[in-house]
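Enquirer: Fold the stuff below for me.
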Amino acid sequence: MSTFFIAGTDTGVGKTHATCALLHALRAQGLNACGMKPVASGCVETAEGLRNEDGLALQGASSAPMPYEWINPIALREPVSPHLAAAHEGVEIRLAPLFEAFERLRDIHDVVLVEGVGGWLVPLSRGLLASDIARQWQLPVILVVGLRLGCINHALLSARAIATDGCRLVGWVGNLIDPDMAAVDENLATLRQLLPAPCLGVLPHGVPAHVAASQLDVGAILE
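Expert: Got it, this is the predicted structure:
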């Protein structure tokens, strides 16, 4: 069984889109794959309880429908940093309950992709960062690089932080979030040269995840 943490170079770089594309690519290899969003803010009230758009997307892209509470154990209403949303709701974010849900998913899947929230160092609570999920669960990291002006700096800083925290970057995915970005090919060449992990693929702008999955090569992370 394989498990990976999906980190992003920033908020809004398309972590969920990339994670869903990776799930479809893994399923195309015949693997039983599932996504997880341990903590999500910006959830809406439904008849079934609080639901997050990203969590629902991961649930839908997985091999089989899992209970939403396993996919997204901590669902917070306000669309702000999770440590603020949790404080406003009187919720304490701890890793132990999240790990219980993770283990349930890991026990019945070949691959589990655990999507972070925001960037690598987003706070979840006092003394707890999003990166602690990857660090304490000992998950290799796949970095989603939002392709826009400034992406090289964001990507290299993220890769350095991942290494500093003792985690292993095993690959990265480029996501073209700015369709008008200048010098895309040159930026990609620079990222391929400077990032200490292979590029698993580049996702085009405006293409659904199940279609964009064909642009990904997941072989490198499954070896």
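
Enquirer: any idea of the pLDDT on Gly8?
Expert: Model confidence at Gly8, given as pLDDT, is 98.

Enquirer: quick one, phi/psi of it?
Expert: Its backbone dihedrals place Gly8 at phi -130, psi 150, with angles given as degrees, to the nearest 10.

Enquirer: do the one 4 residues further on as well
Expert: Summarising the backbone geometry of Gly12 under the convention degrees, to the nearest 10, its torsions are phi 80, psi 20.

Enquirer: list the contacts for it?
Expert: Shown here is Gly12, whose contacts under the criterion C-beta atoms under 8 Å, 6 or more residues apart in numbering are Gly146, Ile177. The way it works is simple: take the backbone N, C-alpha and C, and place the C-beta from them, glycine included.

Enquirer: Against Leu222, how distant is it?
Expert: With the distance defined as C-beta to C-beta, to the nearest Å, Gly12 ends up 28 Å from Leu222.

Enquirer: and stretch 181-189, which residues are buried?
Expert: Judged by neighbour count using 16 or more other C-beta atoms under 10 Å, the buried positions of stretch 181-189 are Val184, Asn187, Leu188.

Enquirer: Which of those fall within strands?
Expert: Nothing among those maps onto strands, per DSSP state E.

Enquirer: I'd like to know which of the residues you listed is nearest to Ala87.
Expert: Out of the buried residues of stretch 181-189, the one with the shortest distance to Ala87 is Asn187. That distance is 37.7 Å, counting by C-beta to C-beta.

Enquirer: re the thing from before, turn the buried residues of stretch 181-189 into JSON lines, including pLDDT and distance to Trp70.
Expert: As requested, these are arranged in JSON lines below (pLDDT from 0 to 100; distance: C-beta to C-beta, whole Å):
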{"residue": "Val184", "pLDDT": "97", "distance to Trp70": "37"}
{"residue": "Asn187", "pLDDT": "98", "distance to Trp70": "37"}
{"residue": "Leu188", "pLDDT": "98", "distance to Trp70": "36"}
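
Enquirer: send the alpha carbons of stretch 5-15 over as CSV?
Expert: Once side chains and other backbone atoms are set aside, the C-alpha atoms of stretch 5-15 remain, and they are given as CSV (Å, rounded to 0.1, in the frame of the first residue of the first chain):
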residue,chain,number,x,y,z
PHE,A,5,0.7,13.9,1.1
ILE,A,6,-0.4,16.4,-1.5
ALA,A,7,1.1,19.8,-0.7
GLY,A,8,0.7,23.0,-2.6
THR,A,9,2.9,26.0,-3.2
ASP,A,10,0.1,28.3,-2.0
THR,A,11,-3.6,28.5,-1.5
GLY,A,12,-5.6,28.3,-4.8
VAL,A,13,-3.0,26.5,-6.8
GLY,A,14,-5.3,23.5,-7.6
LYS,A,15,-4.3,20.9,-5.1
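
Enquirer: any idea which helix or strand of this structure has the worst average confidence?
Expert: The weakest-scoring helix or strand in the chain, judged by mean pLDDT, DSSP states H and E, is helix 219-222 (a mean of 89).

Enquirer: so what secondary structure elements neighbour it?
Expert: strand 2-8, strand 169-175 (3 or more C-beta pairs under 8 Å, 6 or more residues apart in numbering; DSSP states H and E).
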